[in-house]
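> A structural model of the following input is requested.
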Amino acid sequence: MLDGDPRVLIPLPEAAQRLGISRWQAYKLAHSGRLPTTRLGARDLHVPAAVLRRIEQEGLPPAPDSYGGEVA
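Numbering: from 1, shown residues only. Modelled structure (predicted):
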């Protein structure tokens, strides 16, 4: 449970709000893989509550590389 919240998955916009970041930044982090998500339906991204709790406590994992290149 996340602060008494029984949900297992948190919608990405709500997760962004809880993390204090914009929705755009949350989608960017999800696309990069730094913010793990799961898709429900055709479009809706959700963050697992356990992952959100860990990120709130420990912060986001570091970026895989800082030079901006893509990994093949």
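> could you pull out the strands in this structure for me?
Using DSSP state E, the strands of the chain run over 9-11, 38-40, 44-48.
> show me what counts as buried in the longest one.
Going back to what we said before, that points to strand 44-48. Neighbour counts using 16 or more other CB atoms under 10 Å place 45-48 of strand 44-48 among the buried residues. (C-beta placed from N, C-alpha, C; glycine too.)
> which other helices and strands contact it?
Applying 3 or more CB pairs under 8 Å, 6 or more residues apart in numbering; DSSP states H and E, we find strand 44-48 packed against strand 9-11, helix 12-19, helix 23-32, strand 38-40.
> how about a cut-off of 6 Å?
Packing contacts for strand 44-48, counted by 3 or more CB pairs under 6 Å, 6 or more residues apart in numbering; DSSP states H and E, involve strand 9-11, strand 38-40.
> contacting residues around the last one?
What it means is strand 38-40. 45-46 (CB atoms under 6 Å, 6 or more residues apart in numbering).
> does Leu40 have beta-bridge partners, and which?
Asp44 (DSSP bridges).
> ok, now how distant is it from Leu52?
15 Å (CB to CB, to the nearest Å).
> of these two, which one has the most company?
Leu52 (21 against 11; other CB atoms under 10 Å).
> in this structure that one contacts Ala16, no?
No - Leu52 lies out of contact with Ala16 (CB atoms under 6 Å); the separation is 10.2 Å.
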